[in-house]
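Participant: Need a 3D model of the sequence below.
(chains A and B)
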Protein chains: 2
Amino acid sequence: MLGFMGEFDLIETFFKRPPRHATLGVGDDCAMLAVKSGQQLAISSDMLVEGRHFLSTVNPAHLGHKALAVNLSDLAACGAEPKAFLLSLALPEVQPQWLAEFSKGLWALADLYQCDLIGGDTTRGPLNICITVMGEVPADQALLRRGAQVGDDVYVSGHLGDARLALEVFRGQMSVPQPVFDAARLRMEMPSPRVALGLALRGLAHAAADISDGLLGDLQHILKASGVGAEIHTAQVLSTMACANSAGLPAEVLLPLCLSGGDDYELVFTAPEDQRSAIVAASEAARTQVTRIGKITASPQLTLLDSQGRLVANTFSSFDHFKTP
Amino acid sequence: MLGFMGEFDLIETFFKRPPRHATLGVGDDCAMLAVKSGQQLAISSDMLVEGRHFLSTVNPAHLGHKALAVNLSDLAACGAEPKAFLLSLALPEVQPQWLAEFSKGLWALADLYQCDLIGGDTTRGPLNICITVMGEVPADQALLRRGAQVGDDVYVSGHLGDARLALEVFRGQMSVPQPVFDAARLRMEMPSPRVALGLALRGLAHAAADISDGLLGDLQHILKASGVGAEIHTAQVLSTMACANSAGLPAEVLLPLCLSGGDDYELVFTAPEDQRSAIVAASEAARTQVTRIGKITASPQLTLLDSQGRLVANTFSSFDHFKTP
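Facilitator: Predicted structure coming up:
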C-alpha cells in the first residue's frame, strides 16, 4: 500500500533506473563509476531547504528540476559534462503523489543531460534535498575561478534578476503584470543550467563561476581567486533581464535584482579580447545568449559604471545564508 | 566577528584544508578528482537528521565522527579505499563553538583515513548533515551484495546490538549499569567504520554489506541480490555483543538488539568454506574481530537457529525510516 510505503519501496518506485554511464547504480552500499582515461571528475554538492531555497507551495515537478539544475550549473561553470548524481532526501512524510511529481521533474532534466541517478539516501525529517553531481572534464581544460587575466572581457550568460523579481513579488515587495510574474517565476523555479555553454567555453574562457548568490558576489570569487579587479557596466547587466522591459519598473529598482539578486544559475566568465568572435560562435553553438558586461582590471577593485561612464556606488550585497535575513 | 560569521568565513574557518588526493579541493564551483588507471570510484551518500540519527544532546565532536563514519562504512562494505568526501550542512544558526567541536571530530576521522574534504554546501535550516564519500577500488575487486554462493559461510565484524542498547536506555526502555551504558553509548555515537577489514576482504569475500538498519535486514539485501537463503545461529550473533555479558539482561531481551537493532556499522559478509583460515588472517591483519554466524543456503529463506539447532521464529523487523516509529 502506498500509504505505508517504506524506504526501499519508495526508492524502487521513484528513484531506480538502470544507469547509462555508471558500472553500478542504485541498490548496493556504493555506486561504481569508471572515469575515462585523461578525464578528471568534477564534483559538486548543493542542499536545498524549504523556506530558504524554495517555497512550500512550489510545484514538486519544478522543485525536482531545480534541485538537479542548481547542481548541473556547477558542472557547467567548470566546463564538465554531466555523468551521474546522488540524491539524498529528508521527507516529513511519504506522499506518493508529491514524490511522483518531484521525480518526474528530476528525471526530465536528468534524461536531457543523460545524467545517471546512482545512489543517495532517504530519511524522515524536515524537507531537505541534497544532490551531489559528478561530471567529466579533460584534466587540463576545467574552467576555474582563478584564471582571469588583466584585459579579459567579462561576460554573463542568459538573464539576470528575473528569479529575484519573482521572489520579491511573492514577498509582496514588488508588483508586476501577471505575464511578467509568470515568466519570472518560471526562471526562479526552473533555471536552465548552462551546460552546453560551459562545454563550448572549454579552451576559450580564462575563468568562470556560476551565479547563485548574485552576479557581484560570484564575480568577486573570480576576482579574489585571480588577484584582479573588474569594471562592470550596469546598463549591460540590466539589459540581460528578460522581464525588465515589460515590468514597468524603474532601472534603480531593477538593478539590484540583476547585480545581487541571486538564484540566477547563469555563468559569469572572462575571456581574452581576441576571442570575441569565438565567444559569439560558442554562444550560438550552445544556443545561449551571452552579454559582454565589462573588463578585468589590474587594480583589484570591482568598479560599477553607468551608461555615461560615471561611477555607481556599490552598495549591493550578495546573498549569504547566515547573514541575509 | 564570530557572532556574525557568514557562510564563506564558516567554510574558511572550519572546513577548508589543502587536499591530499584531489587535484582541487574546497573553493571553486566543483572539486576535481583524478581516478587512478584500473580503479573505479565507489560513491555513497548518507544524510543524518536530528532526532532520527542522533539526539540533540550529542557531543558535537562525536557527531562529526559519526557523520563521516557511517559513510566510510559504505566504502568498507565495497572494499574501497577512502579518498574524498563532500559535506553539506544545514544549520539553524552559526554556533562557532559547536562547529569547532563538530569539525574536530570530523577531521580526526578524515585524517585517520587520509580522506579529503573537497566540497559541499552550507545553508540555514533544520540541522541536517549530508555527506557524500568517494573511494577507489580495482574494477574487478569491489565487494557487492550480489555475489553470495550456496555453501558460503556468513560472518559479521565487531559487535552488534550495543548501539541499540544505548538507544533503548536513552528512551527509558531498558536499564543497565553506568559503565555498560557508557560503553554502549560510545558504540552508538562513535562507530568504527571497518575500512581495513573491507580492504583485507578484497578477493576473499563473495558478498558484503554494511549493517546500518540491523543484521537481518541488511543480510536480506545480500540474500535477495544473490538469489539465496541463509541459516543463522542466534547464539553466535548474541556472542558478538560487547556489553551483553555485563549488562545482566536476559538473552531474549538482547537478541532483538543484535538481530535488528540497527546503527551497528559492522560488515556482514560471505566467503567460501575453504577460505576460513584466510578470513582469520584478514581479521588479524585488520585488527577487527570477525564471527562466523551461519551459512548460505540454496533455499531462499532466512532461517534462525538456537544453540540446540531449534528454529527461532523470525519476528524481528529491520529499521525503516518511514515504517519504524
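Participant: does A:Thr123 really touch B:Gly51, like I thought?
Facilitator: No - the pair A:Thr123 and B:Gly51 does not pass the contact test of Cβ atoms under 8 Å, sitting 10.6 Å apart. From N, CA and C alone the C-beta is placed, and that goes for glycine too.
Participant: Confirm that A:Thr117 sits in a helix.
Facilitator: Not Thr; residue A:117 is Leu. No - counting by DSSP: H, G, I helix; E, B strand; the rest coil, A:Leu117 is located in no helix; its state is strand.
Participant: Check it and give its pLDDT.
Facilitator: You'll see A:Leu117 listed with a pLDDT of 94.
Participant: show me the contacts for A:Cys130.
Facilitator: A:45-48, A:87-89, B:45, B:47, B:88, B:121, B:128, B:130 (Cβ atoms under 8 Å, 6 or more residues apart in numbering or on different chains).
Participant: which residues of the stretch 201-325 of chain A fall in helices?
Facilitator: Defined through DSSP state H, counting those that start in this stretch, the helices belonging to the stretch 201-325 of chain A, from first to last, are A:215-226, A:234-239, A:244-247, A:251-260, A:276-285.
Participant: Pick the most buried one from the ones you listed.
Facilitator: helix A:215-226 (a mean of 22; mean count of other Cβ atoms under 10 Å in any protein chain shown).
Participant: Close to chain B: what parts of the stretch 151-300 of chain A are there?
Facilitator: Contact residues (Cβ under 8 Å from any Cβ of the partner chain) of the stretch 151-300 of chain A with chain B: A:Ala208, A:Ala209, A:Asp210, A:Ala225.
Participant: which of these tops the neighbour count?
Facilitator: Using other Cβ atoms under 10 Å in any protein chain shown as the contact criterion, the top neighbour count among these goes to A:Ala208, which has 31 neighbours.
Participant: From what I see, that one and A:Ala271 are in contact.
Facilitator: No - the pair formed by A:Ala208 and A:Ala271 falls short of the contact definition of Cβ under 8 Å, at 9.2 Å.
Participant: possible to save the helices of the stretch 201-325 of chain A as a markdown table with mean pLDDT?
Facilitator: As requested, these are arranged in a markdown table below (pLDDT from 0 to 100):
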| stretch | mean pLDDT |
| --- | --- |
| helix A:215-226 | 95 |
| helix A:234-239 | 93 |
| helix A:244-247 | 64 |
| helix A:251-260 | 89 |
| helix A:276-285 | 97 |
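Participant: Tell me which of those helices approaches A:Gly79 most closely.
Facilitator: Smallest distance to A:Gly79 across the helices of the stretch 201-325 of chain A (Cβ to Cβ): 10.9 Å, for helix A:276-285.
Participant: Now do that closest one: distance to the chain's middle.
Facilitator: A distance of 21 Å separates the centroid of the chain from that of helix A:276-285, by Cα atoms, centre = their mean, to the nearest Å.
Participant: I'd like to know which elements it is packed against.
Facilitator: Taking 3 or more Cβ pairs under 8 Å, 6 or more residues apart in numbering or on different chains; DSSP states H and E as the contact definition, the neighbouring helices and strands of helix A:276-285 are strand A:153-157, helix A:195-200, strand A:290-297.
Participant: For the last one, which strands pair with it and how are they oriented?
Facilitator: Partner strands and pairing direction for strand A:290-297 (DSSP bridges) are strand A:153-157 (antiparallel), strand A:229-233 (antiparallel).
Participant: Which element is encountered next along the chain beyond the first one?
Facilitator: Helices and strands here follow DSSP states H and E; after strand A:153-157, the next one along the chain is helix A:162-170.
Participant: what's that next one packed up against?
Facilitator: Right, helix A:162-170 is packed against helix A:178-189, helix A:251-260 by 3+ Cβ pairs under 8 Å, 6+ apart.
Participant: As a markdown table, these with distance to A:Val35 would be great.
Facilitator: Putting the helices and strands packed on helix A:162-170 into a markdown table (distance: least, Cβ to Cβ, whole Å) gives the following:
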| stretch | distance to A:Val35 |
| --- | --- |
| helix A:178-189 | 33 |
| helix A:251-260 | 37 |
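Participant: Could you tell me which residues touch both of A:Ala208 and A:Ala271?
Facilitator: Common neighbours of A:Ala208 and A:Ala271, using Cβ under 8 Å, 6+ apart, are A:Leu201.
Participant: residues near A:Ser73, how many?
Facilitator: Residues near A:Ser73, counting by other Cβ under 10 Å, number 26.
Participant: same question, A:Glu93
Facilitator: Burial measure for A:Glu93: 8 neighbouring residues, criterion other Cβ under 10 Å.
Participant: What is the neighbour count of the closest residue to chain B within the stretch 51-200 of chain A?
Facilitator: When Cβ to the nearest Cβ is the measure, the stretch 51-200 of chain A has its nearest residue to chain B at A:Gly125, with 3.4 Å between them. If you count neighbours by other Cβ under 10 Å, A:Gly125 ends up with 22.
Participant: Span of stretch A:84-102 from start to end?
Facilitator: Terminal residues of stretch A:84-102 are spaced 18 Å apart (Cα to Cα, to the nearest Å).
Participant: residue contacts, the residue of the stretch 51-200 of chain A closest to chain B?
Facilitator: For A:Gly125, the contacting residues are A:Ala90, A:Leu91, A:Pro92, B:Met47, B:Val49, B:Glu50, B:Gly51, B:Arg52, B:Pro126, B:Asn128, taking Cβ under 8 Å, 6+ apart as the criterion.
Participant: ok, now A:Asp116?
Facilitator: With contact set as Cβ under 8 Å, 6+ apart, A:Asp116 has these partners: A:Arg17, A:Pro19, A:Arg20, A:His21, A:Ala22, A:Gly25, A:Lys83, A:Ala84, A:Phe85, A:Ala110.
Participant: Excluding chain neighbours, what is closest to it?
Facilitator: In this structure, A:Asp116 finds its nearest non-sequential neighbour in A:Pro19, 3.9 Å apart by Cβ to Cβ, 6 or more residues apart in numbering or on different chains.
Participant: Roughly how far does the one you found sit from chain B?
Facilitator: 12 Å (Cβ to the nearest Cβ, to the nearest Å).
Participant: Take the contacts of A:Gly125 and keep only those in strands.
Facilitator: A:Ala90, A:Leu91, B:Met47, B:Val49, B:Asn128 (DSSP state E).
Participant: So what's the gap between stretch A:248-265 and the chain middle?
Facilitator: Its chain's C-alpha centre and that of stretch A:248-265 lie 17 Å apart, by Cα atoms, centre = their mean.
Participant: Repeat that for stretch A:87-100.
Facilitator: The gap between where stretch A:87-100 is centred and where its chain is centred comes out at 23 Å by Cα atoms, centre = their mean.
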